[in-house]
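Visitor: please find the sequence and the predicted model below.
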Amino acid sequence: MNRDESLRPRRKISKWPYVMLGLGMTIILIGLVVWFINRQPTGTLPYPISKSEAKQLGFDIYYPSQKLLPAGYTLNKGSFEITDQVLIYSVSYGVNNKIIFSDQAKPTNTQIQAFYAKYLPLSTTLLTPTGLATIGAIKLETVVSIPTNTNSWIIATAPANINQSDLDKVMRSVKIAR
């Protein structure tokens with residue numbers, strides 16, 4: 001390096017590109033924070049009925065997430081109805097096959113155990129994100145009972161010949177509405 005080169009004044013670098021980059025990163029960060037705050041909590045679904053109807057029921061609403069259902073299974077969004085403080089809806093699969101769900105206030109553990117003893121003496125269990133499912137049969141139907149981790153009791157009935165693996169996936173797809 002020449003002596004003359006070291007004595008030359010250095011060229012000033014503009015700070016504007018760095019300011020603009022910092023401003024852009026700040027805007028992106030603020031956007032991500034707003035998106036994160038406004039998104040639904042993980043594992044929840046939108047209400048399938050009006051929030052005022054849900055509030056009148058007095059228990060949490062659960063139903064299967066269409067995204068998590070096995071191929072060929074469809075949540076019937078028009079099937080949600082309230083009858084005697086019970087939310088009833090269905091999932092269709094195959095040709096004219098349905099799983100009928102009821103979502104209701106959770107009774108006491110003693111009442112649930114009495115239900116199992118009377119109606120599902122031979123059963124298996126399946127751990128789901130919603131609660132421990134008990135699967136058995138009543139007459140010619142498969143019956144699944146899920147006392148949820150909150151204040152609801154889900155009972156689902158399906159044809160006896162339903163694919164057990166698919167039924168397990170359906171029960172694991174059940175999420176809470178928020």
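Guide: Noted; the coordinates are in hand. Owing to the predicted nature of the structure, the values given are computational and were not obtained by experimental measurement.

Visitor: which other residues reach stretch 62-74?
Guide: Residues outside stretch 62-74 that contact it (CB atoms under 8 Å, 6 or more residues apart in numbering): 45, 48, 75, 80, 89, 91-94, 101, 103, 130, 146, 148, 152, 154, 165-166, 169-170, 172-177. (Glycine included, C-beta is placed from N, CA and C.)

Visitor: could you write me a PyMOL select line covering just the buried ones among these?
Guide: Selection of buried members from the contacts of stretch 62-74 for PyMOL, criterion 16 or more other CB atoms under 10 Å:
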select buried, resi 45+48+75+80+89+91+93+101+103+130+146+148+152+154+166+169+170+172+173+174+175+176+177
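
Visitor: select from the contacts of stretch 62-74 every entry located in helices.
Guide: Counting by DSSP state H, these place 165-166, 169-170, 172 in helices.

Visitor: distance between the longest helix along the chain and the chain's centre?
Guide: Longest helix of the chain, by residue count under DSSP H: helix 16-38. Mean-position distance between helix 16-38 and its chain equals 31 Å (CA atoms, centre = their mean, to the nearest Å).

Visitor: same thing with stretch 51-70?
Guide: 9 Å.

Visitor: distance from the strand or helix carrying I82 to the middle of the chain?
Guide: Secondary structure from DSSP states H and E places I82 in strand 81-83. Put simply, strand 81-83 sits 21 Å off its chain's centre (CA atoms, centre = their mean).

Visitor: pLDDT on it, on average?
Guide: Across strand 81-83, pLDDT averages out at 93.

Visitor: one more: stretch 160-178?
Guide: On average, stretch 160-178 scores 95.

Visitor: distance between the ends of that stretch?
Guide: 32 Å (CA to CA, to the nearest Å).

Visitor: phi, psi for I13 please.
Guide: phi -90, psi 130 (degrees, to the nearest 10).

Visitor: in the protein, which spans are strands?
Guide: 44-45, 62-64, 73-75, 81-83, 86-93, 97-105, 124-127, 132-138, 141-147, 152-159, 174-177 (DSSP state E).

Visitor: coming back round to it: now do the longest helix of the chain: which elements does it pack against?
Guide: Using 3 or more CB pairs under 8 Å, 6 or more residues apart in numbering; DSSP states H and E as the contact criterion, no helix or strand is in contact with helix 16-38.

Visitor: one step back: ok, and what's touching the strand holding I82?
Guide: 49, 53, 57, 87-89.
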